[in-house]
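Q: Here is a sequence together with a model predicted from it:
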Amino acid sequence: MYTQTNSPSANSVVVFDRDSKGKLKQRESVKTGGKGTTQDVGCGAGCPILDSSGAVDSIGKLVFVVNGGSDTVTSFKETGKGLKRVDTESTGGDLPVSVVARGGLLYVLNTTSGNIYGLRYTSSGKLTQIPNSAKPITGAGQNTIFPSGGARQIGFDNTGDWVVVTELATVGPGGPPPGLITTFKVNGDGTTGAAQSVKSQTPLPFGFAFNDNNTMVVSEVNDPAGVMDGSTSAYSFNGGTGTPAPAGPPLTSGGALPCWVSLTKDGTHAIVINTGAGRPPGAAKYDVAANGALTSNGVIAAPNGTFLWTDPAQSSDSKYLYVLAPTGPGPGGKTSRIDSYKISGSGGLKFIGSSKKNLPAGVSGLDGR
């Protein structure tokens with residue numbers, strides 16, 4: 001498993017090894033050569049940036065991390081001697097918060113400048129910028145809710161033919177409420193077409209994940225103050241037109257500020273993290289039908305005393321789920337952790353322990369293999 005310190009002075013990747021019972025042990029910390037950042041996301045200055053800031057290419061044993069304070073992305077490669085930093089390149093915009101890698105093509109989402117940007121990567125991790133790959137998202141220039149803009153996550157659909165972005169705070173045609181799902185057609189040269197967007201089922205779409213049927217499961221915050229519960233929606237994604245269409249009605253997430261989505265390897269179970277925002281954080285569980293329709297499977301609470309939960313990640317075999325638990329602003333030093341769960345065949349979650357509380361307060365992003 002990989003996370004990053006996100007330190008504004010010097011960002012680092014922290015690497016954890018997983019044992020046969022799913023528990024984590026910290027192996028090493030490797031500098032990215034860039035700087036992290038913080039932003040106000042509703043719980044005061046110094047809150048951890050709520051982003052999906054890393055990506056893993058399992059075939060090539062590569063790891064990619066954005067440096068929000070430097071506007072760069074860094075590549076790493078797993079070697080027999082540990083994680084090795086390979087290359088660093090510009091992200092072609094301001095405040096990169098999310099990155100996705102697939103088959104040699106990497107795309108970054110820059111939320112403040114409101115654009116996507118593409119790079120190629122080799123099996124060794126060497127990065128090359130793609131000319132003319134910068135494209136504005138639909139809400140470029142808008143700043144309606146969050147100080148750094150509204151775009152949250154970037155990803156590919158299951159075909160790899162479309163780049164997909166959730167625009168949390170963008171107000172589309174017809175006016176409020178805000179929230180768009182934006183797609184870009186991938187061209188043969190690695191560039192994309194122009195942005196095309198549809199409104200999300202409920203306001204403020206945040207994280208998402210695709211299964212093999214190209215069902216897109218999306219967390220939707222609804223209420224940025226976290227007073228009302230958020231929701232989760234499923235969309236049938238048309239790989240020909242790049243258009244998501246509702247696969248059923250949205251369901252409550254049973255908690256505040258649902259941010260990130262994790263799907264099991266077989267695509268039949270979804271886990272959505274309720275960040276908390278002053279209310280108890282937790283994980284909403286759903287069954288995903290073949291047609292994409294969701295069925296609620298309950299909510300589990302985070303361990304007692306958890307300030308908030310942010311990013312989830314699974315082991316490659318979907319036997320284990322890991323959730324990042326950063327601390328809040330103020331004193332506390334290295335007190336963040338990663339909580340570990342065993343996933344049952346029915347999508348249930350059993351707590352099996354936490355990593356040592358030795359991560360900095362601003363720790364951000366989680367991914368693994």
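A: Sure, I can see it.
Q: only C-alpha atoms for contact and neighbour calcs from this point on.
A: OK.
Q: next SSE after the strand or helix carrying V14?
A: For V14, the enclosing helix or strand under DSSP states H and E is strand 12-18. Note on strand 12-18: by DSSP H and E, the next helix or strand toward the C-terminus is strand 24-31.
Q: which strands and helices sit next to the lowest-mean-pLDDT helix or strand in the chain?
A: Across the helices and strands of the chain, mean pLDDT, DSSP states H and E gives its lowest value to strand 54-57, namely a mean of 72. Secondary structure elements in contact with strand 54-57, counted by 3 or more C-alpha pairs under 8 Å, 6 or more residues apart in numbering; DSSP states H and E, are strand 62-67, strand 96-102, strand 364-367.
Q: From the chain's centre, how far out is it? Work that out for me.
A: In terms of C-alpha atoms, centre = their mean, to the nearest Å, the centre of strand 54-57 is found 11 Å from the chain centre.
Q: and what of stretch 79-99?
A: Worked out by C-alpha atoms, centre = their mean, stretch 79-99 lies 16 Å from the chain centre.
Q: and it, average pLDDT?
A: Taken as a whole, stretch 79-99 has an average pLDDT of 94.
Q: for that stretch, which positions count as buried?
A: Under the neighbour-count criterion of 16 or more other C-alpha atoms under 10 Å, stretch 79-99 has 83-99 buried.
Q: got it, and stretch 5-20?
A: Buried-residue list, stretch 5-20, by 16+ other C-alpha under 10 Å: 5-8, 10-16, 18.
Q: Quick check: end-to-end length of it?
A: Terminal residues of stretch 5-20 lie 26 Å apart, using C-alpha to C-alpha, to the nearest Å.
Q: what about that stretch, distance to the chain center?
A: On the basis of C-alpha atoms, centre = their mean, stretch 5-20 sits 16 Å off its chain's mean C-alpha point.
Q: before we move on, the earlier item: what strands line up against the strand holding V14, and which way round?
A: Neighbouring strands of strand 12-18 in its sheet, by DSSP bridges, are strand 2-4 (antiparallel), strand 24-31 (antiparallel).
Q: neighbouring contacts of the first one?
A: By that I understand strand 2-4. The contact list for strand 2-4 (C-alpha atoms under 8 Å, 6 or more residues apart in numbering) reads 11-16, 54, 65, 363-368.
Q: So T264 sits against Y320, correct?
A: No. Using C-alpha atoms under 8 Å as the test, T264 is too far from Y320 to be in contact (9.5 Å).
Q: Check the contact lists of those two and give me the overlap.
A: Common contacts of T264 and Y320, defined by C-alpha under 8 Å, 6+ apart, comprise Q314.
Q: F237 sits in which helix or strand?
A: Element membership for F237 (DSSP H and E) is strand 231-238.
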